[in-house]
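# Next comes the sequence, and after it the predicted model I'd like to discuss.
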Amino acid sequence: MMGQAVLSRPMCRRSLLSLGGLWPFGLTLPRLLAAQPRVRRRAAQRCLLVFMEGGPSHIDLWDVKPQAPLEVRGEFRPIQSSHPELPLSELLPGLSRHAHRFAVIRSVTHGIVDHNAGSYYALCGRFPVEGGQLVLTDRTDTFPPLGAVAAKLRPTAGPLPAYVQIAEKQFNNGYDIPGQAGGFLGPAYDPFVTGDPSIPDFTPPGFSPLPELSADRIAQRSRLLADLERSLARLSDDPRWDRLGVFQRQALQLISSPEVRSAFDLSREPAALREKYGMDRGSNRAIEARQFGGLPHLGQSTLLARRLLERGVRLVTLVTGRRIDQAWDTHRQHFRLMRQSLCPPFDQAMTALLDDLAERGLLDDTLVVFFGEFGRTPKIGYVTSGAGATSDGRDHWPYCYSVVMAGAGIQPGALYGASDRDGAYPIRDAVRPEDIVATVYAALGIAPHTEIFDREGRPHVVSTGRPIEAVLASS
């Protein structure tokens, strides 16, 4: 495996391959991959969506441009990775060791520069304009996100929720960001939102019954509730009764199940492993990431995600920002924020995650996706949104950005699409968020043409996009 030495001059394809020891044998990456048996597709049993809300800079992470002008490539240099044709940013030294596992799609494009609407597009795969207006928050008729659909079509049998979001709901400009709730599938398919597992004495919401309620009293109330539900069901066909029953049963399971309580208990993990993911040393939580408060929750949130997936949760959305803060929205002081506040905890936590999943044999069954609602402007200081950008910032850029996948259902080493010299526009194999969502569904074993039904009984296919077969493992 290659090291992570910073390259002092721009890399060309020939020099990078020679560094990997392939050039003397006349092997290019396409030949190398073609010479190996294509991984057979095995549907992912679980999925982690690492949503980098705010819009991470593709040029400074996954699609580096060392030969672009300085005002485009910025101050970060590429480093060698374990993938002979995928240099990564120097900001990702840990993840560079896992690059051979990645499928990278470098040609995602759309035209939505708004965070809320862009997030809906990314998480649901539906164009975020209805009635001539941007979709800015979830409603009872909005399309459900990946997690809700997965919970609907691939429900879990155990007591843990099928769809979980860590650590908190995201909020922006007066609204909860859309693509977080169950949409027209109803509140029964909303995620269980855990709260921040990195804080001292973390207890998920609803996990602390009143002290006077013993296990026997909880069981008695459960039986009484079941009797009451049967009586009410005879009196009314209103589906709200059924949804109310779902919430009550879920609450009772969360309170009474030792398995559930154990799954959320990070103290059961070895101290060394918790340190590897990243522990908070008592940071000031009032300081947002974009004010150099970092991502203090991210390490333990990522560890909790692994514990929940390992124990049967179908899909976890891990939000890398903090509360109302779109952490990767680096309009100002972009390079300092990336180097100091964002990338060190991100690289540490995600490297630990992939190490951990691989060592436990879980990566063969788990799909991991790194993505945001868009990228950042190729040219530093170029303004595309109302928030603007200073001379050291990058503004919103949905016209070309990258999505990274790894694990179950994915062809390791696949590189799909390409951006131009400046990372501004796709020059080959452009895809849209619909296609990314369709690819995730395909990796989960869900055909994109599968139908779900809204509250009026109308059918909807889960995705209007086309799976990107080149990044999926063979059938």
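In hand now; what should we look at? Numbering: from 1, shown residues only.
# wouldn't Asp190 be in contact with Ala148 here?
Yes - between Asp190 and Ala148 there is a contact under CB atoms under 8 Å: 7.3 Å. Using the backbone N, CA and C atoms, a C-beta is placed for each residue, glycine as well.
# what's the overlap in contacts for the two?
Listed as contacting both Asp190 and Ala148 by CB atoms under 8 Å, 6 or more residues apart in numbering are Tyr163, Ala181, Gly182.
# ok, of those residues, which one's closest to Asp138?
Ala181 (4.0 Å; CB to CB).
# burial count for the closest one?
For Ala181, the count of nearby residues is 24 (other CB atoms under 10 Å).
# just the strands in the stretch 1-150 of the chain please.
Counting by DSSP state E, counting those that start in this stretch, the stretch 1-150 of the chain has strands at residues 46-51, 78-79, 88-89, 102-108, 129-130, 133-134.
# out of these, which comes closest to Ala305?
Judged by CB to CB, the one of the strands of the stretch 1-150 of the chain that comes nearest to Ala305 is strand 46-51, at 5.6 Å.
# what's that closest one packed up against?
If contacts are counted by 3 or more CB pairs under 8 Å, 6 or more residues apart in numbering; DSSP states H and E, strand 46-51 sits against helix 115-124, helix 146-153, helix 298-310, strand 315-319, strand 366-371, helix 433-443.
# got the ones you listed as CSV, with mean neighbour count and distance to Leu415 columns?
Listed next are the helices and strands packed on strand 46-51 as CSV, based on neighbours: other CB atoms under 10 Å; distance: least, CB to CB, whole Å:
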stretch, mean neighbour count, distance to Leu415
helix 115-124, 27, 21
helix 146-153, 25, 23
helix 298-310, 24, 25
strand 315-319, 26, 24
strand 366-371, 24, 15
helix 433-443, 25, 14
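# Out of those, which gets nearest to Gly74?
Among those, if distance is taken as CB to CB, the winner is strand 366-371, at 19.8 Å.
# that older thread, quick one: the shared contacts of Asp190 and Ala148 as JSON lines, columns for secondary structure and distance to Ala122 too.
JSON lines is the format used below for those (DSSP: H, G, I helix; E, B strand; the rest coil; distance: CB to CB, whole Å):
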{"residue": "Tyr163", "secondary structure": "strand", "distance to Ala122": "16"}
{"residue": "Ala181", "secondary structure": "coil", "distance to Ala122": "15"}
{"residue": "Gly182", "secondary structure": "coil", "distance to Ala122": "17"}
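# Show me the helices in the stretch 101-250 of the chain, by range?
Remark: helices assigned in the stretch 101-250 of the chain by DSSP state H, counting those that start in this stretch are 115-124, 146-153, 215-235, 239-256.
# what's the answer for the stretch 251-400 of the chain, then?
Counting by DSSP H, counting those that start in this stretch, the stretch 251-400 of the chain has helices at residues 258-263, 271-277, 298-310, 334-336, 343-359.
# Give me the residues contacting the last one.
Right, the one you point to is helix 343-359. By CB under 8 Å, 6+ apart, the residues outside helix 343-359 that reach it are 48, 50, 52, 61, 89, 91-95, 97-98, 101, 273, 276-278, 294-296, 298-299, 301-303, 305-306, 320, 362-363, 366, 368, 370, 406-407.
# Just the buried ones from the residues you listed?
Among those, those scoring as buried are 48, 50, 52, 61, 89, 91-95, 97-98, 101, 276-278, 294-296, 298-299, 301-303, 305-306, 320, 362-363, 366, 368, 370, 406-407 (criterion: 16 or more other CB atoms under 10 Å).
# From the centroid of the chain, which residue is nearest?
In the chain, the residue lying closest to the centroid (CA atoms, centre = their mean) is Val50, at 2.1 Å.
# dump the residue contacts of that residue.
By CB under 8 Å, 6+ apart, the residues touching Val50 are Leu318, Thr320, Met350, Val368, Val369, Phe370, Phe371.
# distance of the nearest residue to Arg432 once chain neighbours are set aside from Glu451?
The shortest distance from Arg432 to any residue other than its chain neighbours is 5.7 Å, reached at His110 (CB to CB, 6 or more residues apart in numbering). Using CB to CB, to the nearest Å, one obtains 25 Å as the distance from His110 to Glu451.
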